[in-house]
Each structure stands twice: as C-alpha cells, then as structure tokens.
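1. Provided below are the primary sequence and the corresponding predicted coordinates.
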Amino acid sequence: MSVKIKNLTKIYGEQKAIDNISFEIKTGEIAGFIGPNGAGKSTTMKILTGFLPASSGEAFINDLSIFENSLEIRRQIGYLPELNPLYPEMYIKEFLEYSAGIYKIKATKKIIENIIDLTGLGIEQHKKIGALSKGYKQRVGLAQALIHNPKVLILDEPTTGLDPNQIIEIRNLISEIGKEKTVMLSTHLMQEVEAICDRIIIINQGKIVANEIRSNIQAASKNVLVSIWVEFDSEIDIDSLMKIENAVKVLPVENNNYVIQSKTDIRSEIFEFAVKNKIIILSMQKKEKKLEEIFQELTNYKNAH
C-alpha cells in the first residue's frame, strides 16, 4: 500500500480533529478525500506530510512509518497545500531549481524542462510567478510538488478559486499524473471526484463514514432501495404497479413517469409486467444516486440545516 493510516487520532485541547480513523490507498490509485469544512481533511494530510504530529495511531507511506522516517517520507511525497506558498519575485525556472535544492537534488535543465512540459507551463515559463494567473500559479505549485519525482502526491484543494476552464485543465493534469503516481486529493467539487478518482473516502466530524472504490460508492448509502425510472405510453394505476414482483414503493413523477423502488434491480420484472398487461415502455433506467446526494446523506446535511 502506498498510503496506510491505522487508528489515527489528532486532539486539539479537548477537540478531536480526527478520531481513530483508518484507511488505505493502493499504489497507483487516485483517492478523493472529501468532507465538510472542519471534518479533518487538512489535519490528516498535514500529519501524512509531517507538518503535524498525531496524538495517537500509525501512518505509513510505502510501508515506512511517517513518525520514524520523517525525512525519508518527505522525499517520497509531493505536497500541494491549500494555500499554495510561492515566491512571487522568482521566475518559474528559478523557483523550481530552488525547490529541487531543498530536496538536495540537482535539477538539471532536462528535469526542469520535463516538469514544465508536464504541467503545461511552457507558454509562461519566462515570467515571474507574481505575474501569473491563479491557474498557472497552481501549475507552478504542482511542478514544485513533482520536482523530486515523488511516489505519492498529496493535493489539498488544488482547484480552489480557479475558473471552470482552469479547473478542467488542472483536473486533466492530475489524471495524467495519476497514471504513474499515487494521488490523495482533497476537494469540495463532487464532479471532480467522480471524474478522476478511483477511490472515494468521506470523512465527517473526524470519522471515516465511507471508503469505497468509485464504482461501489452506492453501497455507502444508507438507503438501500434501488430506484428504476420508467416512462409508459399512458397513465398507470399505482396499485397495479405495486403488483410488480419485488416492488416496494411506487412514486409518480409526471407525464406517465414513475419511480419504482425495490431492494434489487427489477427492470426485468417491470418489462414482464408491461408485456403481460400490453403496456408500452418508452424508457426505463436504473437511477444511481449522485455522489453529492450520498455525501449529503453521510455528512448529516439535512440535520445540520
């Protein structure tokens, strides 16, 4: 495992910022680490990167304990914090050479060129950082995080404050980087997680409330009923639809559309019902919950508002 956390706790005074959390991120995965503000995301990332000590528990990067191998861990991690610290008076190449020096590596001209090419900084490479747009400053931050060729990349809100085009550009860049590295990504953009993440970890009030590969995230929902959206060519009596085998609940929508809920996928039963009763189905699909709905459900959104 590239990243492994076991029973990790961080206490500030009497408050538990993270409370006995455990999860693993496999080598080569892009993991979306999401939660409400104050849920413990940044605290967890700061512990993983050696910026904060934990109160208790264990954490490992590539099988090395972060508490026993702090310097070596920092060589293996690339970190982009939410507030991206840059030197505005430096030129891009100058800054990357300086960053490489911190890791005690000599950044050759070829290494710098490759990083600039990878992060799409070529068109702006002769500018001072202070003259760049926020989107390009984020690219510089990513370049700095990659300059020492880390095995693990930890990104805390990498698209905060960017416009839609910049968000797509950074998202595509992270996807490309994720083909060769393990990436842990914190964000508030659910579409970003759905677009690029292999694993989704949801934290709420310091506790992990979901940890699934993206294709299985529906299993994290507390509402286990499967919803089938059906459009018939005419209005159907709800009592008749309730006679469909395994149907639990029928919700009328509009214009001869219905949501039929069951504990399993009953599309075949609905089709058989239609054939038996000579009813025409115009469309039918299983509706998956959006990640945003699952997120709100697991983080007690309705109870908090």
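-> All right, it came through fine.
2. use CA for all of it now, contacts and neighbours both
-> Fine.
3. leaving out the residues flanking it, which one is nearest to residue 188?
-> Nearest non-adjacent residue to residue 188, counting by CA to CA, 6 or more residues apart in numbering: residue 34, 6.6 Å away.
4. partners of that neighbour in the sheet?
-> In this entry, residue 34 is beta-bridged to residue 202, by DSSP bridges.
5. count of neighbours near residue 37?
-> A count of neighbours around residue 37, defined by other CA atoms under 10 Å, yields 11.
6. next: residue 237.
-> The local packing of residue 237 (other CA under 10 Å) involves 9 other residues.
7. which pLDDT value belongs to it?
-> Here the pLDDT value assigned to residue 237 is 91.
8. check the one 5 residues further on too.
-> In this prediction, residue 242 carries a pLDDT score of 94.
9. same deal with the one 5 residues further on?
-> Residue 247 is assigned a pLDDT of 93 by the prediction.
10. now do residue 90 against residue 126, distance only.
-> 10 Å (CA to CA, to the nearest Å).
11. out of these two, which sits in the more crowded spot?
-> Taking neighbours as other CA under 10 Å, residue 90 and residue 126 compare with residue 90 leading, 15 against 12.
12. find the nearest non-adjacent residue to that one, please.
-> Nearest residue to residue 90, sequence neighbours excluded (CA to CA, 6+ apart): residue 128, at 5.4 Å.
13. and that neighbour, what is it in contact with?
-> Residues in contact with residue 128 (CA atoms under 8 Å, 6 or more residues apart in numbering) are 88, 89, 90, 91, 92.
14. wait, doesn't the third one sit right on residue 129?
-> Yes: using CA atoms under 8 Å, residue 90 is in contact with residue 129, at 6.0 Å.
15. quick one, domains of the protein?
-> Per the record, the chain has its domains at 3-217, 226-288, by automatic domain parsing.
16. out of the ones you listed, deepest packed?
-> Mean neighbours per residue, mean count of other CA atoms under 10 Å, is largest over those for domain 3-217, with a mean of 18.
17. and it, how far out from the chain's middle?
-> Mean C-alpha position of domain 3-217 versus that of the full chain (CA atoms, centre = their mean, to the nearest Å) differs by 11 Å.
18. before we move on, what about stretch 284-302?
-> Mean C-alpha position of stretch 284-302 versus that of the full chain (CA atoms, centre = their mean) differs by 15 Å.
19. outside of that stretch, which residues touch it?
-> If you take CA under 8 Å, 6+ apart as the criterion, stretch 284-302 is touched by 35-36, 190, 194, 202-204, 209-210, 217-218, 220-222, 226-231, 265, 267.
20. list the buried residues in it.
-> 284, 286, 291, 294, 295, 297, 298, 299 (16 or more other CA atoms under 10 Å).
21. hang on, the fourth one in a helix?
-> Spelled out, it's residue 294. Yes: counting by DSSP: H, G, I helix; E, B strand; the rest coil, residue 294 is located in a helix.
22. in terms of pLDDT, where does it sit?
-> For residue 294, pLDDT reads 86.
23. in the stretch 51-200 of the chain, which spans are helices?
-> 70-76, 92-102, 109-118, 134-146, 164-177, 190-196 (DSSP state H, counting those that start in this stretch).
24. mind checking which of those helices is nearest residue 84?
-> Each of the helices of the stretch 51-200 of the chain has some distance to residue 84 by CA to CA; the shortest is helix 134-146, at 6.4 Å.
25. tell me the angle of that closest one relative to helix 109-118?
-> Going by axes from the mean of the first three to the mean of the last three CA atoms, to 10 degrees, helix 134-146 is angled at 140 degrees with respect to helix 109-118.
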